[in-house]
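Predicted model, plus sequence, below.
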Amino acid sequence: MRIPGWLPRSIPAPPSVKQDALLISALFIFNFLSFSAWPELVQVPTRPWLLFVWLYGLAMLVPLVWRDIAPMTVFATQCVFTVVAWPIMPHYIPAVGVPVALYAVSVHCSRKISLPALLVSFIPNGLAAQAAFRAYPDHAAAVSAFINNGVLFAVAACWAWGFGRVAQASRRRIQYLEHERESARELEVLASERRRIARELHDIVSHAVTVIVLQAAGAARVAKTDFAQVTRSLGHIETAGKQAMAELRRLLGVLADSDPAGDAVDSDGLKPQPGLADLTELLASLRDAGMPVALQVAGIRRELDPSLDLTAYRIVQEGLVNVLKHAGKDAKPRLGLVWKSQNLLIQIDNDINLPTVHNGPAFSGRRGLVGLRERAHAAGGDLDAGPYQGGYRLTATIPFATPGVSSVVRGSTQSRGDQGKVSV
């Protein structure tokens with residue numbers, strides 16, 4: 001079982017290694033000037049063995065580079081190095097490594113671990129303070145130096161532990177605030193996406209109602225002369241009415257959790273809502289932008305309800321645009337549409353891991369992955385995205401019938417031309 005704070009999964013070079021190199025140099029110089037007999041240590045030409053003291057003093061501080069990765073291991077090494085340095089005391093008293101490592105333990109570990117570490121630090125600190133007896137031949141001066149150094153080392157350890165606890169509390173507070181901000185941002189994205197979906201569903205329902213009105217008006221004009229046309233018009237009215245009811249149920253499902261505030265008009269305006277029939281135009285625009293998309297379609301094509309058709313198109317559109325935005329033109333995206341018996345599977349693969357390239361969440365745009373997932377959920381489906389075989393994969397499932405919403409067959413008068421019949 002791996003104990004947190006002791007052994008890392010690997011030993012990479014920390015990103016702050018340059019700053020740590022300056023820190024170690026400063027600690028090395030400070031230790032030699034403050035807690036060493038440096039006038040004697042500079043006599044290396046006549047006493048070559050003193051070079052070992054210089055190298056030992058520098059080498060024992062190197063593990064501090066990994067203090068944030070494995071704080072307990074680094075703290076243990078500093079304690080051991082201080083105890084092992086007993087033969088070279090008082091020429092060199094390793095006093096700075098222990099409190100610096102103790103600070104890292106206090107920052108990254110719990111109180112149950114950091115408090116015993118504070119007590120353990122008194123052992124090497126006491127040994128370092130006891131070296132004063134060897135530095136002063138006079139007994140009274142040695143006792144005074146021992147007390148002064150002992151108090152200094154103890155205060156330094158307590159301060160390092162205390163500041164570490166304060167830093168840990170501040171870090172947790174910052175993480176909590178960042179989490180709250182991220183949660184608020186996701187809620188804002190969800191509310192914005194729900195409003196957008198609601199407006200699009202409103203356009204679809206309005207189209208169905210318009211069809212009903214036109215069919216009813218046409219039937220009224222020929223009621224006395226063409227009963228067969230009246231029958232066909234009533235059939236279209238029934239189909240459009242059922243479709244409007246189904247879309248209204250989806251609309252109510254979206255609005256149930258949405259925020260009614262900020263209902264601004266979307267940039268789409270009153271343009272016809274796109275669908276999978278418009279994929280040819282979308283892929284052509286991406287090809288013109290320098291990113292050709294490989295398309296593969298499997299299964300028997302089904303005609304989707306307008307809202308589901310729009311959902312599928314938006315997922316494909318946002319997914320491919322995010323590949324272009326975050327992974328670039330060399331990502332080689334592959335779009336797969338698999339028509340199954342109960343649902344449509346949308347799969348977008350590319351050869352570049354989006355979080356690695358973007359150094360953060362992959363879909364970080366205005367709507368992003370949160371909005372796409374909300375759109376899929378509103379249609380009764382699901383959406384997932386993540387690294388896959390060295391690249392990135394987005395998978396979405398759109399059911400042909402939303403749970404709780406009856407699927408109906410649309411009449412020809414409801415279609416936008418030959419929507420749903422264009423080969424992709």
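Received, thanks.

For Gly380, what is the enclosing helix or strand?
Following DSSP states H and E, there is no helix or strand that holds Gly380.

Quick check: the gap between it and Leu344.
12 Å (C-beta to C-beta, to the nearest Å). C-beta: built from backbone N, CA, C; applies to glycine.

Can you pick out the residue with more neighbours from these two?
Leu344 (25 against 20; other C-beta atoms under 10 Å).

re earlier: overlap in contacts of Gly380 and Leu344?
Contact with both Gly380 and Leu344 is made by residues Ile398, according to C-beta atoms under 8 Å, 6 or more residues apart in numbering.

Map the structural domains onto the sequence of this structure.
17-135, 190-255, 276-414 (automatic domain parsing).

May I see these organised as a markdown table, with distance to Arg165 added?
Shown next, in a markdown table, are the domains of the chain (distance: least, C-beta to C-beta, whole Å):
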| stretch | distance to Arg165 |
| --- | --- |
| domain 17-135 | 5 |
| domain 190-255 | 37 |
| domain 276-414 | 30 |
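
Using a markdown table, please lay out these together with distance to Tyr176 and mean pLDDT.
Shown next, in a markdown table, are the domains of the chain (distance: least, C-beta to C-beta, whole Å; pLDDT from 0 to 100):
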| stretch | distance to Tyr176 | mean pLDDT |
| --- | --- | --- |
| domain 17-135 | 16 | 83 |
| domain 190-255 | 21 | 69 |
| domain 276-414 | 19 | 78 |
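
of those domains, which approaches Gln175 most closely?
For the domains of the chain, the distance to Gln175 is smallest for domain 17-135, at 12.9 Å, taking C-beta to C-beta.

what's the helix or strand for the residue nearest to Leu64 when sequence neighbours are not counted?
Spatially, and ignoring its direct neighbours in sequence, Leu64 is nearest to Val100 (5.8 Å; C-beta to C-beta, 6 or more residues apart in numbering). Assigned by DSSP H and E, Val100 falls within helix 97-108.

Could you do Ala216 as well?
Short version, using DSSP H and E: Ala216 is in helix 139-221.

Kindly calculate the angle that that helix makes with helix 97-108.
30 degrees (axes from the mean of the first three to the mean of the last three C-alpha atoms, to 10 degrees).

And the helices in the stretch 201-350 of the chain?
227-255, 279-288, 306-322 (DSSP state H, counting those that start in this stretch).

Distance-wise, check the residue nearest to Leu64 relative to Tyr92.
17 Å.

and Arg67, what is it in contact with?
Contacts of Arg67 (C-beta under 8 Å, 6+ apart): 74-75, 100-101, 104.

how does it look with 7 Å?
74, 101, 104 (C-beta atoms under 7 Å, 6 or more residues apart in numbering).

so can I have JSON lines of those residues showing distance to Glu318 and neighbour count?
Shown next, in JSON lines, are the contacts of Arg67 (distance: C-beta to C-beta, whole Å; neighbours: other C-beta atoms under 10 Å):
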{"residue": "Val74", "distance to Glu318": "46", "neighbour count": "25"}
{"residue": "Ala101", "distance to Glu318": "48", "neighbour count": "26"}
{"residue": "Ala104", "distance to Glu318": "43", "neighbour count": "26"}
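
and which of those residues is nearest to Ala167?
Ala104 (9.8 Å).

could I get the helices of the stretch 201-350 of the chain as TSV with mean neighbour count and distance to Arg181?
As requested, the helices of the stretch 201-350 of the chain are exported to TSV (neighbours: other C-beta atoms under 10 Å; distance: least, C-beta to C-beta, whole Å):
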stretch	mean neighbour count	distance to Arg181
helix 227-255	18	25
helix 279-288	15	33
helix 306-322	23	22
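
Compare those helices and give me the one nearest Ala85.
That would be helix 306-322 among those, by C-beta to C-beta, at 56.3 Å.

With just CA atoms, put that closest one into CSV.
Below are the C-alpha coordinates for helix 306-322, written out as CSV (Å, rounded to 0.1, in the frame of the first residue of the first chain):
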residue,chain,number,x,y,z
PRO,A,306,-36.6,17.8,-35.7
SER,A,307,-35.2,18.4,-32.2
LEU,A,308,-33.2,15.1,-32.3
ASP,A,309,-32.0,15.9,-35.8
LEU,A,310,-30.9,19.3,-34.6
THR,A,311,-29.2,17.8,-31.5
ALA,A,312,-27.2,15.4,-33.6
TYR,A,313,-26.1,18.2,-35.9
ARG,A,314,-25.1,20.5,-33.1
ILE,A,315,-23.0,17.7,-31.4
VAL,A,316,-21.2,17.0,-34.7
GLN,A,317,-20.7,20.7,-35.4
GLU,A,318,-19.4,21.6,-31.9
GLY,A,319,-17.2,18.5,-31.7
LEU,A,320,-15.5,19.1,-35.0
VAL,A,321,-15.1,22.8,-34.4
ASN,A,322,-13.5,22.1,-31.1
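
Sweet, I'm off.
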